[in-house]
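[1] Sequence first, predicted model second:
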Amino acid sequence: IENGTSHVNRLFTSSLVAYRSRFETNKIFLAHFRKNQIICDYTYPSPVRTLQLNRNRLIVCLDNEIYIHAIKDMSLVHIIKDVATVFEDKVNTVSLASPMSASALSNLIAYPLAEGAMVEVPADESSENSNAKNSNSNSNNLGRIAIFDAYLLRTIKVIDAHENRISATCFANNSTFRAGSQENPLLLASASERGTVIRIWSIPQGVCIHELRRGMYYADIQQLSFSLDAEYVGLISKNQTIHVWDLMKKERFAEKKEKGEGETTSETTPEAAVADDQLITDAQLEQMQQEEENIYKGQTSANNNTW
């Protein structure tokens, strides 16, 4: 590759790789890396911020648009134009579902809505989710995530996810059969620019099933990621911290309790299942963050540098 690459994305364990040229930032290539052969290339009207692919679709995110291509022939099938600005340091605001086993929800795209965008949601949406049915009631769309079906080419859900702008989203691409059914929903994680709360959503229902507290202070969330079995979710922030949550902790504790593996006492809570020397309380976490902030302020005042 003569001009260098960036934003490389591989289709599972196949030989198909998509990447952006480092110097021609508005151009992407689709290549067969085992044959060392470029299959095709595509040029866009503005710089490519990120690209993702699954077995059916390739999505290319520009500043305010998402181009959707069919993998089989790289034909352009749709352009989403109501996307909030995707900054170069916020490329993880857009996510493409790519579960290991195909399902009806294998081609969903989650993206933050642009300010003032008017979104039409199918009339057969469940009345239980009023925020999806009245998707145009919040005109500034701050903190709202649209779920777009890249196969049916329509918006299927709009979620009022946060009160601030979206900073990261991520689908749980586990290999469980029929991901997306009512018994086994597809999961979506989201974070806002404030970064204090991570929410886990059940898709396509659009219901918040977990609310995870990261801390009380502002944190710039760079990336969210699920484990392959969708039982853990983690994040990376600009505060030089990594957080990991066990989404199945309560279920595992209830299962152990049912099997009689431990007595029911005030100490046998899900939190007590972790050794005392390994457990960090919220108060300790806040104290650690405050100490880091004080150290940071001292360094910046002395060196006039930022980290």
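    The structure has been received and is ready for your questions. Numbering: from 1, shown residues only.
[2] Helices of the stretch 101-250 of the chain, residue ranges please.
    130-133, 249-259 (DSSP state H, counting those that start in this stretch).
[3] Where among these is average confidence lowest?
    Least confident of the helices of the stretch 101-250 of the chain, judged by mean pLDDT, is helix 130-133 with a mean of 40.
[4] got the contact list for the nearest residue to L224 once chain neighbours are set aside?
    Excluding the flanking residues, the one nearest L224 by CB to CB, 6 or more residues apart in numbering is C170, at 3.9 Å. (C-beta placed from N, C-alpha, C; glycine too.) For C170, the contact set (CB atoms under 8 Å, 6 or more residues apart in numbering) comprises N92, S95, L188, A189, Q223, L224, S225, F226, V233.
[5] How about L96?
    Q52, L53, N54, R57, I59, N107, L108, I109, A150, F171.
[6] how far does the helix or strand where the fifth one lies sit from the chain's center?
    This means I59. Remark: I59 resides in strand 57-61, with elements defined by DSSP states H and E. Counting by CA atoms, centre = their mean, to the nearest Å, strand 57-61 is centred 15 Å from the centre of its parent chain.
[7] Please apply the same query to stretch 141-152.
    Its chain's average C-alpha position is 12 Å from that of stretch 141-152, according to CA atoms, centre = their mean.
[8] before we move on, what about stretch 10-17?
    20 Å.
[9] change the start of the numbering to 8 and stick with it
    New numbering, starting at 8: the last item is stretch 17-24.
[10] re earlier: which one of the helices of the stretch 108-257 of the chain lies nearest to Q212?
    helix 137-140 (9.6 Å; CB to CB).
[11] mind listing what's buried in stretch 91-106?
    A91, V93, K97, V98, N99, T100, V101, S102, L103, A104, S105, P106 (16 or more other CB atoms under 10 Å).
[12] Alright, that wraps it up for me.
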